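Participant: next comes the sequence, and after it the predicted model I'd like to discuss.
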Amino acid sequence: MKRRDTLATTAVTLLALAGVVLPAGTAAAQTARDLVGTWMNVSNINIRADGSRVDTFGSNSKGMIVFGNDGRYSTITLSANLPKFASGNRNTGTAEENKAIVQGSIAHFGTYSVADKVITLKVEGSTWPAWTGTDQKRPIISFTGDDIKWGVAASIGGTTEVGWKRVK
Amino acid sequence: MKNRNVVICSAAAVLGLALLPGNAIGQQKPLKEQIVGTWTYAVNETIRPDGSRVKTFGDNQSGLVIFGADGRYVSLVGRSGLPKFASNSRAAGSPDENKAVVQGSIGTFGRYSINEGDRTLTLNIEYSTFPNWTGTEQKRPLTITGDELKYIVAAASAGDGRAEVTLRRAK
C-alpha cells in the first residue's frame, strides 16, 4: 500500500513537472517582451472564401517588422518585383506603376501589446488607409521563440496567415 | 588667502563635476549609440533647385522609424488622412486612390550604419515602396542634438531637389 502511494505521489509529481515543462515547450507568446526584436517575413498566405490559398505578394515577397522594447512597431511587406518608376519620381507614376505599388505592398506603424495569445496593433499610420487609427488583432497561430505565425483579416479580403522568422 | 583659493578651487571643481557629466556624456556618446531607438517624423521638406521649399507630405504628416541596436531599420512616413478605398480592398483601388497612397507615403527597410568621422548615416535600402530606391545605398549627412535628429536626402523621391528631414525621439 505504502509503495503504491509513493508511486502515485511520484506520478503526480512527474505530471506536475511535465505541466511546468510543457508550456515552455510550446512557447506561447505571452507578453510583448517575447516579440521584441527584428523579424523577417517568410510567408503571406491569403485564404479565400472558397478555401483556395494564394501568396498575397506573389512568390517572391519580402518584409520586416521591428517590435521595439518601447512598445512601438513598424513594418513593411511587399513584392520583391515592384517595377521602378520610369520617371524616377514618386509623384509622377503612371496609373499602372501606382497600382503595382499599392497592390504589391503594405506598411504600417504604431504601438503593440499582447494578451491572451493575440497581438493588438494600434495602427497610427498605414499605406492601407483603412487600418489607420484602428486596433488590428493578430491571433497567434504558432510561436517557437524564433518563428511566429499569426492570422490577419486581410486587406484584400479573406484571411491571411503571416509567418516571420527572428533575425539573429 | 591661500585657504580662500583652495575653497574657491574646490567649489569650482564641485560645480564642474556637477555640471559636466550630463553635457559631456551627451556630446561624447557616439552617433551610433544615440540613433538607436524609435523616432517620429517631424519635418519633411523637399528643396527644389530654385530654392523653393515644399512640404513633402503636406501640412499633416505622420511617420515612424525604428533604428535597431542590431543595425536594421524600418521607416514609414506619409500624409495623415490618406483616403480609404471605396472598395475596401487593397487589390481594387481606383487610379486616384492608388495615386494618393503612392504620392502620399514612402516606406523603406534594410540596414544602416554610421560614420562617426564625417557624421553620416548610410542606409542600405533592401526594399522600398518606392522601388527606385530598392537595393540602393544612400549616404545622408546627420546631426543629432538631444532628441532631434536631422539628415539630408541628396536626391528626393518626390522629384528634383534634395529633402531635409527632422526626426524627434519618440517618448
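Facilitator: Ah, there it is.

Participant: ok, then the element right after the lowest-mean-pLDDT helix or strand in chain B?
Facilitator: The helix or strand of chain B with the poorest confidence is helix B:2-28; it has a mean of 48 (mean pLDDT, DSSP states H and E). The helix or strand immediately downstream of helix B:2-28 is helix B:31-34, counting by DSSP states H and E.

Participant: next, the buried residues of that next one.
Facilitator: By neighbour count on 16 or more other CB atoms under 10 Å in any protein chain shown, the buried set for helix B:31-34 is B:L31, B:K32, B:Q34. Where C-beta positions appear, they are placed from N, C-alpha and C, glycine not excepted.

Participant: kindly report the same for stretch A:149-164.
Facilitator: Across stretch A:149-164, burial judged by 16+ other CB under 10 Å covers A:149-152, A:154-158, A:160-164.

Participant: what do you get for stretch B:130-144?
Facilitator: Across stretch B:130-144, burial judged by 16+ other CB under 10 Å covers B:F130, B:P131, B:N132, B:W133, B:T134, B:Q138, B:K139, B:R140, B:L142, B:I144.

Participant: helix, strand or coil for the nearest residue to the third one once chain neighbours are set aside?
Facilitator: Of all residues beyond its chain neighbours, the one nearest B:N132 is A:K84 (4.8 Å), with distances taken as CB to CB, 6 or more residues apart in numbering or on different chains. Under DSSP: H, G, I helix; E, B strand; the rest coil, A:K84 falls in the coil class.

Participant: about what we covered before: the buried residues of stretch A:149-164: which two are farthest apart?
Facilitator: Put simply, by CB to CB the two of these set farthest apart are A:G157 and A:W164, 22.1 Å from each other.

Participant: before we move on, the earlier item: in helices only, show me the buried residues of stretch B:130-144.
Facilitator: In helices, judged by DSSP state H, none of the buried residues of stretch B:130-144 are found.

Participant: give me the beta-bridge partners of the residue nearest the centre of chain A?
Facilitator: When CA atoms, centre = their mean is applied to chain A, the residue found nearest the centroid is A:W150 (4.5 Å). A:W150 has these beta-bridge partners by DSSP bridges: A:I140, A:V162.

Participant: secondary structure element holding residue 78?
Facilitator: No chain specified, so I'll use chain A. Following DSSP H and E, one finds A:L78 within strand A:72-79.

Participant: meant chain B actually
Facilitator: With secondary structure defined by DSSP H and E, B:G78 is part of strand B:72-79.

Participant: and that strand, which strands flank it?
Facilitator: When DSSP bridges is applied, strand B:72-79 pairs with strand B:61-67 (antiparallel), strand B:105-115 (antiparallel).

Participant: now do the next helix or strand along the chain from that strand: which elements does it pack against?
Facilitator: Using DSSP H and E, the helix or strand that directly follows strand B:72-79 along the chain is helix B:95-103. Packing partners of helix B:95-103 (3 or more CB pairs under 8 Å, 6 or more residues apart in numbering or on different chains; DSSP states H and E): helix A:95-103.

Participant: contact partners of whatever helix or strand comes next after the helix it packs on?
Facilitator: Counting by DSSP H and E, the element after helix A:95-103 in chain order, helix or strand, is strand A:105-115. Applying CB atoms under 8 Å, 6 or more residues apart in numbering or on different chains, the contact partners of strand A:105-115 are A:29-32, A:34-35, A:57, A:67, A:71-79, A:82, A:119-128, A:131-132, A:140, A:155, B:63-64, B:74, B:76, B:90, B:105, B:107, B:129.

Participant: domain ranges for the chain?
Facilitator: No chain was given, so I picked chain A. Domain assignment for chain A, taken from automatic domain parsing, gives A:1-27, A:31-166.

Participant: nope, chain B
Facilitator: B:1-30, B:35-169.

Participant: by mean pLDDT, show me the worst of those domains.
Facilitator: Lowest mean pLDDT within these: domain B:1-30, at a mean of 51.

Participant: cool, thanks, talk later.
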